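J.: I would like the atomic coordinates for the input below:
(one chain, ligands or ions: 1)
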Amino acid sequence: MPLSANNPDRKSWLHVDKNSDFPIQNIPFGVFLTRDDIITIGTRIGDTAIDLGALHQLGYFKGIPLTEDIFLQDTLNDFIADGRKTWRLVRNRIAEIFDSENTTLKNNKKHKEIVLFRLDEIEMQLPVHIGDYTDFYSSKEHATNVGTMFRDPDNALLPNWLHIPVGYHGRSSSIIPSGIPVYRPQGQTLPADAKEPVFGPSKLVDFELEMAFITTDANDLGEPIPIEEAEEYIFGLVLFNDWSARDIQKWEYVPLGPFLAKNFASSISPWIVTLDALEPYRVEGPKTIKPQLDYLQYKGKKSFDINLEVSIQPQGAKETVVSKSNFKYMYWNMAQQLTHHTVNGCPVNSGDMMGSGTISGPTPDSYGSMLELSWRGEKPLKMKDGTERKFINDHDTVIMRGFCEKDGTRIGFGEVSTKLLPVFNPKK
Ligand code: CA
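T.: Residues are numbered from 1 along each chain as shown. Got it, this is the predicted structure:
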């Protein structure tokens with residue numbers, strides 16, 4: 001199945017700004033509410049949202065085996081379950097419909113009125129029903145930094161880390177799309193020099209710069225996914241802010257790992273960029289430090305060159321970029337993560353989400369959390385408005401962006417933007 005949708009020479013008859021994350025080579029998938037209060041599955045070219053449910057009803061996907069209501073749903077799960085061949089046929093067809101040489105829809109004013117929306121006419125929703133969410137811990141720099149701060153600088157990386165893509169099962173009920181604010185969580189912490197814990201608002205609310213991939217139905221109970229097949233089951237990726245409360249985390253995480261410090265909210269960008277669209281941006285991953293067991297050994301390029309950036313915007317002020325990182329820094333890649341996840345026979349379903357773990361680069365300005373950027377609060381960051389940040393303040397908005405660029409084609413993810421509100425007050 002050719003990936004004709006990726007043709008870098010193709011232009012669209014829809015307007016696309018030069019620096020847009022969404023040229024006709026991207027064609028991501030999302031779910032939105034239209035101006036008529038109808039939920040539909042859609043895509044985006046430039047700043048135009050496209051109603052795929054309406055396009056399908058008007059016959060534009062003729063010849064592709066799709067059920068009639070596949071895009072008239074409030075999640076992408078069924079479409080994702082149709083598998084990679086169908087995703088490719090649909091993406092290729094969308095590229096043809098909006099190709100500057102194709103006048104069928106371009107010259108049909110009535111159809112265009114039904115199918116096309118300005119971004120201010122729609123409201124993006126969570127794109128998938130996330131059954132299960134798993135979070136990995138796959139950046140060596142992040143694991144080393146956290147191990148240094150929380151445990152022991154001399155043994156920062158635990159002995160299993162170079163052998164296992166370490167992960168834990170997270171909570172999907174609190175995964176939210178960009179734009180939904182988050183309350184500062186409360187919980188138990190152990191203040192410095194105290195012997196007994198106290199209850200109250202977390203004082204150390206942090207972001208984690210991650211990406212997450214979304215899977216299709218991959219395997220039955222008991223059946224491992226071999227590494228050479230793993231990418232077949234990855235639909236696409238989103239930006240992922242895995243909110244964390246560091247003081248709660250420090251007190252609770254031994255012996256079973258993160259719990260309430262992590263499950264109060266995780267925010268995602270609403271457009272899922274397909275693994276197919278990212279194909280041109282494959283790169284070699286970091287060199288392995290220790291030999292890896294056979295089932296984790298792979299051939300070819302399994303890492304992706306995705307530029308990542310985090311900004312903090314205090315209320316009423318300009319945003320300040322606090323980190324620039326890259327998805328390619330991940331020591332364990334997605335194929336290894338999914339293979340490891342299923343090696344014991346754990347089944348993976350359509351719409352499951354796998355977080356990469358915080359993506360820290362090798363230099364202090366590329367760290368993926370405030371914990372690392374401010375080094376536990378010892379080195380506050382200066383904001384453009386003159387204030388300082390050790391962690392995230394109430395009313396701050398954290399914005400993450402990501403894009404790939406090569407030979408003049410830019411494929412991006414848009415942004416995930418989330419405001420931190422003060423502790424929930426039931427009287428208000
Ligand atoms: Ca995380």
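
J.: quick check, pLDDT for the residue in the chain that the ion sits nearest to.
T.: Nearest to the ion in the chain, going by Cβ to the ion, is residue 242, at a distance of 3.6 Å. Where C-beta positions appear, they are placed from N, C-alpha and C, glycine not excepted. pLDDT for residue 242: 98.

J.: doesn't residue 210 make contact with it?
T.: Yes - the pair residue 242 / residue 210 is scored as a contact, 5.2 Å apart, by Cβ atoms under 8 Å.

J.: the two: who's more crowded?
T.: Neighbour totals were compared for residue 242 and residue 210, and residue 210 leads with 30 against 27 (other Cβ atoms under 10 Å).

J.: that's a strand at that one, yeah?
T.: Yes - inclusion of residue 210 in a strand is indicated when DSSP: H, G, I helix; E, B strand; the rest coil is applied.

J.: look at residue 114 and say how many residues are nearby.
T.: Residue 114 has 14 nearby residues by other Cβ under 10 Å.

J.: return the residues of the stretch 301-428 of the chain in contact with the ion.
T.: Residues of the stretch 301-428 of the chain lying close to the ion (Cβ under 5 Å from the ion): none.

J.: which stretches of the stretch 301-428 of the chain form helices?
T.: 334-342, 370-373 (DSSP state H, counting those that start in this stretch).

J.: adding mean neighbour count, mean pLDDT and distance to residue 155, write those out as TSV.
T.: Output for the helices of the stretch 301-428 of the chain, formatted as TSV (neighbours: other Cβ atoms under 10 Å; pLDDT from 0 to 100; distance: least, Cβ to Cβ, whole Å):
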stretch	mean neighbour count	mean pLDDT	distance to residue 155
helix 334-342	24	98	23
helix 370-373	26	98	18
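
J.: the ones you listed: which one's closest to residue 36?
T.: helix 334-342 (37.5 Å; Cβ to Cβ).

J.: now the closest one, how far from the centre of its chain.
T.: Computed by Cα atoms, centre = their mean, to the nearest Å, the separation of helix 334-342 from the middle of its chain amounts to 17 Å.

J.: which helices and strands does it pack with?
T.: strand 167-169, strand 209-215, strand 353-355 (3 or more Cβ pairs under 8 Å, 6 or more residues apart in numbering; DSSP states H and E).

J.: could you tell me the angle between the longest one and helix 334-342?
T.: In terms of direction (axes from the mean of the first three to the mean of the last three Cα atoms, to 10 degrees), strand 209-215 departs from helix 334-342 by 70 degrees.

J.: what is the mean pLDDT for strand 209-215?
T.: 98.

J.: for the helix or strand following that strand, which positions count as buried?
T.: Where DSSP states H and E defines the elements, the next helix or strand beyond strand 209-215 is strand 234-241. Across strand 234-241, burial judged by 16 or more other Cβ atoms under 10 Å covers 234-241.

J.: check which helices and strands strand 234-241 sits against.
T.: Secondary-structure packing of strand 234-241 (3+ Cβ pairs under 8 Å, 6+ apart): strand 209-215, strand 266-268, strand 273-274, strand 397-406, strand 409-421.

J.: now the angle from it to strand 209-215?
T.: Computed by the same axes, to 10 degrees, the angle between strand 234-241 and strand 209-215 is 150 degrees.

J.: report how many residues lie close to residue 69.
T.: Neighbours of residue 69 (other Cβ under 10 Å): 11.

J.: quick check: neighbours shared by residue 242 and residue 210?
T.: 135, 355, 358 (Cβ atoms under 8 Å, 6 or more residues apart in numbering).

J.: how far does stretch 382-401 stretch from start to finish?
T.: 20 Å (Cα to Cα, to the nearest Å).

J.: domain parsing of the protein, as residue ranges.
T.: With automatic domain parsing as the criterion, the domains of the chain are listed as 4-124, 133-421.

J.: so, low pLDDT: which residues of the chain?
T.: Where the chain drops to pLDDT under 70, the residues are 428.

J.: in the stretch 1-150 of the chain, which spans are helices?
T.: 52-57, 77-81, 84-97, 109-115, 140-150.

J.: tell me the buried residues in the fourth one?
T.: Going back to what we said before, that points to helix 109-115. For helix 109-115, by 16+ other Cβ under 10 Å, it's 111, 115.

J.: list the contacts of residue 118.
T.: Applying Cβ under 8 Å, 6+ apart, the residues near residue 118 are 47-49.

J.: kindly recompute the last result at 10 Å.
T.: Residues counted as contacts of residue 118 (Cβ atoms under 10 Å, 6 or more residues apart in numbering) are 35, 47-49.

J.: now, the most widely separated pair of those residues?
T.: Maximum distance among the contacts of residue 118 (Cβ to Cβ): 15.3 Å, for 35 and 47.

J.: which one of the two is surrounded by more residues?
T.: More crowded of residue 35 and residue 47, by other Cβ under 10 Å: residue 47, with 15 against 11.

J.: for the more buried one, which non-adjacent residue is spatially closest?
T.: Of all residues not flanking residue 47 in the chain, residue 119 sits nearest, at 5.3 Å (Cβ to Cβ, 6 or more residues apart in numbering).

J.: thought that neighbour was touching residue 48?
T.: Yes - taking contacts as Cβ atoms under 10 Å, residue 119 lies within contact range of residue 48: 7.8 Å.

J.: of the two, who's got more company?
T.: residue 48 (19 against 14).

J.: residue contacts, the more buried one?
T.: 12, 14-16, 22, 98, 112, 115-119.

J.: repeat for residue 69
T.: By Cβ under 10 Å, 6+ apart, the residues touching residue 69 are 53, 56-57, 78.

J.: quick one: which two of those residues are the most distant?
T.: So, those by Cβ to Cβ: farthest apart are 57 and 78, at 16.4 Å.

J.: related to what we said a few turns ago, can you list the contacts of residue 118 in TSV and add distance to residue 304?
T.: Output for these, formatted as TSV (distance: Cβ to Cβ, whole Å):
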residue	distance to residue 304
35	35
47	25
48	26
49	25
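
J.: ok, now which ones touch the residue nearest to residue 47?
T.: 32, 44, 46-49, 414.

J.: same question, residue 369
T.: 142, 145-146, 206-210, 242, 244, 246, 310, 322-323, 358-360, 391.

J.: in CSV, list the helices of the stretch 1-150 of the chain along with distance to the ion.
T.: CSV is the format used below for those (distance: least, Cβ to the ion, whole Å):
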stretch, distance to the ion
helix 52-57, 32
helix 77-81, 23
helix 84-97, 27
helix 109-115, 38
helix 140-150, 9
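
J.: among those, which is nearest residue 65?
T.: helix 84-97 (7.2 Å).

J.: which helices and strands does the closest one pack with?
T.: With contacts taken as 3 or more Cβ pairs under 10 Å, 6 or more residues apart in numbering; DSSP states H and E, helix 84-97 sits against strand 39-45, helix 52-57, helix 77-81, strand 234-241, strand 273-274.
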